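[1] Predicted model and sequence follow; I will ask about them next.
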Amino acid sequence: MLAPIAVADNGGFTPVAPESPNAEGIRDSYVFVSIFVLAIFVLVQGLLIAFIVKYRRRKRPRFEDGAPIHGAARLELLWTAIPVVILFLIGAFVFIELPGIKNIPSAGASGQLEITVTGRQFYWQYEYPNGVIAIDTMRAPAGVPVRLEVTAPDSDVIHSWWIPALGGKIDAIPGTVNETWFEAENPGTYTGQCAELCGLEHANMLASVELMPEAEFAAWLEQRRREQGSGGGELGKETWEGVCAKCHGLAGEGGIGPRVAGSIVLADPDAIENLVRNGRRTMPAVGSGWRSEQVEALAKYLKENPPSGP
Ligand code: HEC
Ligand SMILES: [Cu+2]
């Protein structure tokens, strides 16, 4: 009864509208399987109701069995053969769809973009071929195949990259690189989140992909490269908001980490570097492996915008 409503406004029951061919393959498989699931559901529930009515007790004494029925070879053959055929059809359909879901399309006229995606407690770090780093919000060009190399540092736990409109889940496993991809035409923002329970702030480990026209993306990438080269820019803000604020609050007011607003550590670039690279007691080394540009950008941002939470 709820199905039409769920389908109508996609109340979270059906996959989001696919924007990339791999997400389309997943949606199509889902719909194909659902047809059999629905048909079997209606058949089984329909027979159940029909039998309840047809074989009800009527005037038969309470403890007397109904008439025994022996053997129904035709029926038994049918209820064996039909499920076999259904399983075969579903298996065949999925195998036909699979290459379109898994295989990364070959580079088009404007080539292919490769982005490294690293899942960490509790942020997503992206690295572009020219060295640009971004956190949580990935910018990508529309109409270009984007290959994602998904991993996690050795010291971290398993996360899972998932932007439903752009494809299926892919695990970010320490020490392993998994590949996935998308190629989407419509500029816009596609959201998702870490799909593997990874710790206290798992629910806040959100991710989004901002798909831009190719020229706009190229301009963004170039601007970020220049900003990063001069030790600052958006990266510092993204790092504070995406990494530190998840535990310490946006204004440093405290959360699962202590209040750090007004801390002298945040005003001292060397102390920041030491803290993020090595951690401190119960604070993990959230910036182990960061390039010095990222630490510098963070220190610069914190110097210009010291958190002054309540
Ligand atoms: C996973 C949660 C988490 C993240 C992410 C995190 N911290 Fe912490 N932080 C903590 C905890 C917990 C402590 C308390 C450490 C202790 O004393 O046991 C702490 C302590 C601190 C302190 C106080 C250190 C001291 O001893 O004076 C500062 C400053 C700080 N964090 C800054 C940062 C900055 C900057 C970032 C971002 C690069 C960050 N933290 C990211 C959890 C976190
Ligand atoms: Cu996670």
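    Structure received. Residues are numbered from 1 along each chain as shown. Ligands and ions are numbered 1, 2, ... in the order given.
[2] what stretches of the protein score poorly on pLDDT?
    The chain contains residues with pLDDT under 70 at 1-13, 109.
[3] Pull up the residues of it that are close to ligand 1.
    Within reach of ligand 1 by CB under 6 Å from any ligand atom, the chain has these residues: 121, 243-244, 246-248, 257-258, 260, 263, 265-266, 272, 275-276, 280-284, 286-287. For glycine as for every other residue, the C-beta is placed from the backbone atoms N, C-alpha and C.
[4] what's the burial count for the closest residue to L250 other than its chain neighbours?
    Setting aside the residues directly before and after it, L250 is nearest to E241 in space (CB to CB, 6 or more residues apart in numbering), at 6.5 Å. Around E241 there are 16 other residues, counting by other CB atoms under 10 Å.
[5] show me the contacts for E241.
    E241 makes contact with 135-136, 250, according to CB atoms under 8 Å, 6 or more residues apart in numbering.
[6] for G192, same thing?
    G192 touches 161-166, 206-209, counting by CB under 8 Å, 6+ apart.
[7] can you give me the strands for this protein?
    Counting by DSSP state E, residue ranges of the strands within the chain are 113-120, 123-127, 133-135, 137-141, 146-151, 159-161, 170-172, 178-182, 188-193, 206-212.
[8] and among these, the most buried is which?
    Across those, averaging neighbours per residue (mean count of other CB atoms under 10 Å) puts strand 159-161 on top, at a mean of 27.
[9] That one pairs with which strands, and in what direction?
    strand 170-172 (antiparallel) (DSSP bridges).
[10] The strand it pairs with vs ligand 2: in contact?
    No - judged by CB under 5 Å from the ion, strand 170-172 stays clear of ligand 2, getting no closer than 7.6 Å.
[11] Show me what that strand is in contact with.
    Identification of contacts with strand 170-172 by CB under 8 Å, 6+ apart yields 117-119, 148, 150-152, 158-162, 178-180, 196.
[12] And stretch 283-300, by the same measure?
    Contacts of stretch 283-300 (CB under 8 Å, 6+ apart): 120-121, 131, 133, 153, 155, 228-229, 231-233, 235-236, 239-240, 243-244, 247, 257, 269, 272-273, 275-279.
[13] what about it, start to end distance?
    Counting by CA to CA, to the nearest Å, you get 21 Å between the two ends of stretch 283-300.
[14] Can you flag the buried ones in the contacts of stretch 283-300?
    Among the contacts of stretch 283-300, those scoring as buried are 120-121, 133, 153, 228, 232-233, 235-236, 239-240, 243-244, 247, 257, 272-273, 275-276 (criterion: 16 or more other CB atoms under 10 Å).
[15] Can you name the two of the contacts of strand 170-172 that sit furthest apart?
    By the measure CB to CB, E179 and E196 form the most distant pair in these, at 17.2 Å.
[16] Count the residues that sit near G91.
    Using other CB under 10 Å, G91 has 10 other residues around it.
[17] Any part of stretch 134-153 near ligand 2?
    No - using CB under 5 Å from the ion, we find that stretch 134-153 stays clear of ligand 2, coming within 8.7 Å at best.
[18] from here on, count from 874
    Yes, from this point I'll number from 874; that puts the last item at stretch 1007-1026.
[19] Return that stretch as PDB; C-alpha atoms alone will do.
    What follows is stretch 1007-1026 as a C-alpha-only set of coordinates in PDB (Å, rounded to 0.1, in the frame of the first residue of the first chain):
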ATOM      1  CA  ALA A1007      40.400  18.800  -0.900                       C
ATOM      2  CA  ILE A1008      38.300  17.600   2.100                       C
ATOM      3  CA  ASP A1009      34.700  16.200   2.100                       C
ATOM      4  CA  THR A1010      33.500  18.100  -1.000                       C
ATOM      5  CA  MET A1011      34.900  16.700  -4.200                       C
ATOM      6  CA  ARG A1012      34.800  18.900  -7.300                       C
ATOM      7  CA  ALA A1013      34.700  17.100 -10.600                       C
ATOM      8  CA  PRO A1014      34.100  17.900 -14.200                       C
ATOM      9  CA  ALA A1015      30.800  17.000 -15.900                       C
ATOM     10  CA  GLY A1016      31.000  14.600 -18.900                       C
ATOM     11  CA  VAL A1017      34.400  13.300 -18.100                       C
ATOM     12  CA  PRO A1018      35.100   9.700 -16.800                       C
ATOM     13  CA  VAL A1019      36.400  10.100 -13.200                       C
ATOM     14  CA  ARG A1020      38.400   7.200 -11.800                       C
ATOM     15  CA  LEU A1021      38.500   7.000  -8.000                       C
ATOM     16  CA  GLU A1022      41.300   5.200  -6.200                       C
ATOM     17  CA  VAL A1023      39.800   4.600  -2.800                       C
ATOM     18  CA  THR A1024      42.000   3.700   0.200                       C
ATOM     19  CA  ALA A1025      42.700   4.400   3.900                       C
ATOM     20  CA  PRO A1026      45.900   4.900   5.800                       C
END
